[in-house]
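Enquirer: fold the stuff below for me.
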Amino acid sequence: MLTKRGSYQSLRWQHSRYSPISRQWEVSLFTFKFSFFLLWDKLLRNNSSRQRKKRAEWLVKNLLQLGPTFIKIGQSLSTRADLIPLEYIKELSQLQDNVPPFNSEEAIAVIEAELGQPIDDLFDSFEIEPLASASLGQVHRAKLYTGKEVVVKVQRPGLERIFNLDFEVIRRLISIMNRYFKAFKKYNLEEVHKEFFELLFQEIDYVNEGKNADRFRHNFRGYSQIKVPKVYWKCSTRKILTLEYLPGIKVDDRATLEENNINLDSIIQLGICSYLKQLLIDGFFQSDPHPGNMAVSQRGELIFYDFGTMAEVKTFAKDQMIEVFFAVLKKDTDTVVDNLVYMGLIEPLNDMKPVKRIISFLLDNFRDKPVDVRAFEQVSDEVYLMFKSQPFRLPPQMTFILKSLTTLDGIARALDPKYNLLAASQPFVKNLALRGSGGSAVTVIVRQAKEMIKSTLAQPNVFENSLRGIETRIDRGELKFRIRALESERELKRINLGIKSLIYASLTGFILLSASILMTTVYVKFALICFSVAGLFSLFLFKSLISLLLQEKVDKLLEK
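Expert: Sure, this is the predicted structure:
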């Protein structure tokens, strides 16, 4: 029985017959327009909340039209209130679960074609209006003839085709960036690009997602506070996935959670500890934990949805993460830095003292309390020099680990802006300290926990701590006179970047104007060449604007 007839909104990318060149032109034009808007607002000093909201609305509208690759990027940004303005956060949050649905008749046609039976023979009831829609598909509520309530996830048409196009477009863009901007080479963007699209192609294989859900549920067997929907394989294929219906409250909906008397601290602890288990014990984690993929039941249980973007942690990386985790708990700066270098997160330098001082400062000040950016004034020169030398880099696998952790951190901060990551992880550590057996990862963790307890019991007295503190500060070069001449250097760098941006904007605008005029003449071929050159300069402009924005963000951080 079919119920409810829903409306739908057509998205351009689902119907356009793109070629690689036309797709590249569309992406480049979008990049140029958005960069130009930001530069224009900056020049006019029009940075009001109303103007930011207007730009954010334009951004979301165009991300939707560009398709799932860019929607995924927007979803990731929507949880980072510490990186982008609140107006953008509010608009980008719509991409988590408010992507317009596609035609329900198309969805039913896909179900019947994939499962080989009429919809009425498959389900006792089926709601035509989608329960939710996302970048890759939409979900319909239904009931099996056994009486079980389920949700049917149906894939959007045309996904594989658009992914193939975007794969080539972004590959070319990375190639241009590496060729003309040597600094990008250290970030190994080719491997990041490759792994990102490997995950996207895995995500549109619902058989793979179903297997991931089964494995994830198996890993959390015995954990009553974690719920994972059961897969109904008889009604599932590569483009259709039928799952147990587990309704819940959106994990970052603080008001509704409080109305239902659900303890927010418990939810934060549950989320943090579940991810520590995924990363440090299972080595199998959900790499896209945005609020649309997690919910809370009326009883305070954490429900996980969407297992299309799971990733695995290699054994050596898992061991290193365990070492770093417990080194942070012990405030062991040298071990933290050594392991970050080993994992490839920090580039080894001849003088690691500035990096070690930053890590030590973070451990001393923020291990057991929320981050206060004003405290960074104590190490402002080192922060600037560290950003300038760019010792940090991101191997491909760590990209998705850090993406998961930062996204989870954004969700936790939405529930409690003053939450502390290490404090929230204490139940995980205490639980492990009571375990004496398990797999290799658990053995490593238990050993680390025992060592941490021993080091805590062997803490020196106050006088010894003071002497060691002075000795450490001398070793790190903290007891020295410094001439604070870096402010003028930062200002000069901003001015230089601003001038470069203006030059690129002027060149791009002039070439576009010339191309537009040539289009009205017989020299159409020259106009197309001009458009291509303008696209190249728009990339230079975009890179220069990003550098300028990052420089200003760092400078503001240091001045607070």
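Enquirer: for the protein, what's the longest helix?
Expert: What stands out as the longest helix in the chain, according to DSSP state H, is helix 524-559.
Enquirer: pLDDT of that helix, averaged?
Expert: Averaged over helix 524-559, pLDDT sits at 74.
Enquirer: pull out the buried residues from it.
Expert: 527, 530-531, 533-535, 537-545, 547-548, 551, 554-555, 557-558 (16 or more other CB atoms under 10 Å). For the C-beta atoms, the positions are set from N, CA and C on the backbone; glycine is no exception.
Enquirer: can you pull the buried residues of the helix or strand harbouring Ala327?
Expert: Using DSSP states H and E, Ala327 sits in helix 315-330. Residues of helix 315-330 classed as buried: 317-330 (neighbour count, 16+ other CB under 10 Å).
Enquirer: what's the farthest-apart pair in these?
Expert: Spanning the widest gap among the buried residues of helix 315-330 are Ala317 and Lys330, at 20.3 Å by CB to CB.
Enquirer: need the strands for this protein, in chain order.
Expert: Under the criterion DSSP state E, the chain contains strands at 2-3, 125-127, 132-133, 137-143, 149-155, 226-227, 240-244, 249-250, 284-286, 294-296, 302-304, 310-312.
Enquirer: so can I have CSV of those showing distance to Phe102?
Expert: Output for the strands of the chain, formatted as CSV (distance: least, CB to CB, whole Å):
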stretch, distance to Phe102
strand 2-3, 17
strand 125-127, 15
strand 132-133, 8
strand 137-143, 7
strand 149-155, 9
strand 226-227, 28
strand 240-244, 14
strand 249-250, 22
strand 284-286, 25
strand 294-296, 23
strand 302-304, 25
strand 310-312, 25
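Enquirer: between the ones you listed, which gets nearest to Thr520?
Expert: Nearest to Thr520 among the strands of the chain is strand 132-133; the distance by CB to CB comes to 42.5 Å.
Enquirer: quick one: average confidence on that closest one?
Expert: 84.
Enquirer: show me the shaky parts of the stretch 401-550 of the chain.
Expert: Low-confidence regions of the stretch 401-550 of the chain, defined by pLDDT under 70, span residues 402-403, 422, 430, 432-490.
Enquirer: do you have the helices of it handy? List them.
Expert: With DSSP state H, counting those that start in this stretch as the criterion, the stretch 401-550 of the chain has helices at 421-424, 426-433, 440-457, 462-476, 486-518, 524-559.
Enquirer: now Gly67: how far from Asn260?
Expert: As judged by CB to CB, to the nearest Å, Gly67 and Asn260 stand 36 Å apart.
Enquirer: these two - which one has more neighbours?
Expert: Taking other CB atoms under 10 Å, Gly67 and Asn260 do not tie; Gly67 has more neighbours (26 against 14).
Enquirer: pLDDT score assigned to that one?
Expert: Each residue has a pLDDT score; the one for Gly67 is 85.
Enquirer: got the phi/psi numbers for it?
Expert: Here is the backbone geometry of Gly67 (degrees, to the nearest 10): phi 110, psi -180.
Enquirer: my read: it touches Asp166, true?
Expert: Yes. Between Gly67 and Asp166 a contact is recorded at 7.1 Å, counting by CB atoms under 8 Å.
Enquirer: tabulate the strands of the chain (JSON lines), appending mean neighbour count and distance to Lys211.
Expert: JSON lines is the format used below for the strands of the chain (neighbours: other CB atoms under 10 Å; distance: least, CB to CB, whole Å):
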{"stretch": "strand 2-3", "mean neighbour count": "12", "distance to Lys211": "30"}
{"stretch": "strand 125-127", "mean neighbour count": "19", "distance to Lys211": "25"}
{"stretch": "strand 132-133", "mean neighbour count": "20", "distance to Lys211": "22"}
{"stretch": "strand 137-143", "mean neighbour count": "23", "distance to Lys211": "17"}
{"stretch": "strand 149-155", "mean neighbour count": "23", "distance to Lys211": "14"}
{"stretch": "strand 226-227", "mean neighbour count": "20", "distance to Lys211": "18"}
{"stretch": "strand 240-244", "mean neighbour count": "23", "distance to Lys211": "11"}
{"stretch": "strand 249-250", "mean neighbour count": "18", "distance to Lys211": "26"}
{"stretch": "strand 284-286", "mean neighbour count": "22", "distance to Lys211": "11"}
{"stretch": "strand 294-296", "mean neighbour count": "22", "distance to Lys211": "20"}
{"stretch": "strand 302-304", "mean neighbour count": "21", "distance to Lys211": "15"}
{"stretch": "strand 310-312", "mean neighbour count": "20", "distance to Lys211": "9"}
